[in-house]
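In: sequence first, then the predicted structure:
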Number of protein chains: 2
Amino acid sequence: MTDLWPDVRPDAARRLMAAAVAAFGERGYHATTTRDIATAAGMSPAALYVHFPSKAAVLSAISRSGHEKALAMVTSAAAGPGTAADRMRVLVAEFVAWHARRHQVARIVQYELTALPQPDYDLVVDLRRRTDSVVRSLIEEGVASGAFRTPDLRSASRAVLSLGIDVARWYTPDSKPDPESLGAEYADLVLAMLGAR
Amino acid sequence: MTDLWPDVRPDAARRLMAAAVAAFGERGYHATTTRDIATAAGMSPAALYVHFPSKAAVLSAISRSGHEKALAMVTSAAAGPGTAADRMRVLVAEFVAWHARRHQVARIVQYELTALPQPDYDLVVDLRRRTDSVVRSLIEEGVASGAFRTPDLRSASRAVLSLGIDVARWYTPDSKPDPESLGAEYADLVLAMLGAR
């Protein structure tokens, strides 16, 4: 899992983030202690504090990184080549596949928002607002060009993101189909939902 | 919130379930104690044990009741009058509106499955399987009659339920639109997604 955060240095900080994802997923953020995280990473509690001032700081690092990744993914897909439908297909396929492949970290990213300390909470809310705005603009563009037909932009963009986010809730390593196939199937469903011609 | 469980007697048991929903929602199931639940219900920890043998038993009661409600809701909608599209519209509108109106209890029902003790876990998994099966059969009927056109039944039925379930994640009392309007908008989106003519 440490390959999720190639920019995080040193390796010990990455190992702590991976251990926190597993521990938060197993017993929830509030019931996890810094000792649980450090022990799972093969370190002492004191060693954790070298890298993170608190348990909340570990959560913030995981959440910010996941939200930045999601925003970068949808922004890149929306700015790609092709029609609005082509770009929406790429956006949904990648967003869904990521929530399936990275379901453990995605659960923390999507479900542990209220535990985030300030100012990280505001920062994450802003990243979510921008992600939603990219999706909404792409739908708006498709409606304007006649490629999509959908009566309510707000509900449509919520539904597109919801379908991806909710994959993290139920996907397990035993789930079928594989993340990429699921992404392709959901992209078809979303294009139909948006009334793509 | 105690009006969620009209069949639960006595009133103290209902008050404990409502207090548990609030406490689990605030700090997660694992970080909540039986004392937290009892205190929030204005009772002593010993009084809780008169009604529930454990914290897990309170969770089981909430989860079973929510899953039974969801199954009854989709079964009744799928068996109602009208075409497959008419019935799917009612099913989605009610399922979505319930997850918005009852978002607090729905979060516990949808996100605290792994904490359920046996045999309640198996019972709940069976209720979920039957709920999914009702939705899948209705889509299958619509595809067979030419009312729907969708390439993959498994992904389509997952997506229909996902859209409703994920509402519980983000809906708050400040959210717009109101639960019934959201249900109607999502019903339109689902019918488009299923290629309804």
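Out: Yep, it's here.
In: what residues does chain A put near chain B?
Out: Proximity of chain A to chain B, by C-beta under 8 Å from any C-beta of the partner chain, involves residues A:27-31, A:110-111, A:150-152, A:155-156, A:158-159, A:162-163, A:165-167, A:169-170, A:182, A:185-186, A:188-190, A:192-195. (Each C-beta comes from the backbone N, C-alpha and C, glycine too.)
In: give me the buried subset of these.
Out: The neighbour-count test (16 or more other C-beta atoms under 10 Å in any protein chain shown) applied to the residues of chain A next to chain B identifies A:27-31, A:110-111, A:150, A:152, A:155-156, A:158-159, A:162-163, A:165-167, A:169-170, A:182, A:185-186, A:188-190, A:192-195 as buried.
In: counting only helices, which of these make the cut?
Out: A:27, A:110-111, A:155-156, A:158-159, A:162-163, A:165-167, A:169-170, A:182, A:185-186, A:188-190, A:192-193 (DSSP state H).
In: how about the helices in chain A?
Out: Using DSSP H, helices in chain A cover A:11-27, A:34-40, A:45-51, A:55-78, A:84-101, A:103-111, A:120-144, A:153-170, A:179-193.
In: B:Thr75 is nearest to which of those helices?
Out: Closest approach to B:Thr75 among those is made by helix A:153-170 (21.0 Å; C-beta to C-beta).
In: what's the closest one packed up against?
Out: Contacts defined by 3 or more C-beta pairs under 8 Å, 6 or more residues apart in numbering or on different chains; DSSP states H and E place helix A:153-170 against helix A:84-101, helix A:103-111, helix A:120-144, helix A:179-193, helix B:153-170, helix B:179-193.
In: mind putting those helices into JSON lines with mean pLDDT?
Out: Listed next are these as JSON lines, based on pLDDT from 0 to 100:
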{"stretch": "helix A:84-101", "mean pLDDT": "98"}
{"stretch": "helix A:103-111", "mean pLDDT": "95"}
{"stretch": "helix A:120-144", "mean pLDDT": "98"}
{"stretch": "helix A:179-193", "mean pLDDT": "98"}
{"stretch": "helix B:153-170", "mean pLDDT": "97"}
{"stretch": "helix B:179-193", "mean pLDDT": "98"}
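In: can you redo those as CSV with distance to A:Asp7?
Out: Shown next, in CSV, are the helices and strands packed on helix A:153-170 (distance: least, C-beta to C-beta, whole Å):
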stretch, distance to A:Asp7
helix A:84-101, 17
helix A:103-111, 15
helix A:120-144, 16
helix A:179-193, 23
helix B:153-170, 28
helix B:179-193, 37
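In: what's the closest of these to B:Asp126?
Out: Short answer: helix B:153-170, nearest of the helices and strands packed on helix A:153-170 by C-beta to C-beta, at 15.6 Å.
In: pull the CA atoms of stretch A:85-92 into CSV?
Out: The C-alpha coordinates for stretch A:85-92 follow below in CSV (Å, rounded to 0.1, in the frame of the first residue of the first chain):
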residue,chain,number,x,y,z
ALA,A,85,-19.0,11.8,-23.6
ASP,A,86,-15.5,10.5,-24.3
ARG,A,87,-14.0,12.5,-21.4
MET,A,88,-16.9,11.5,-19.0
ARG,A,89,-16.2,7.9,-19.9
VAL,A,90,-12.5,8.2,-18.9
LEU,A,91,-13.4,10.2,-15.8
VAL,A,92,-15.9,7.6,-14.5
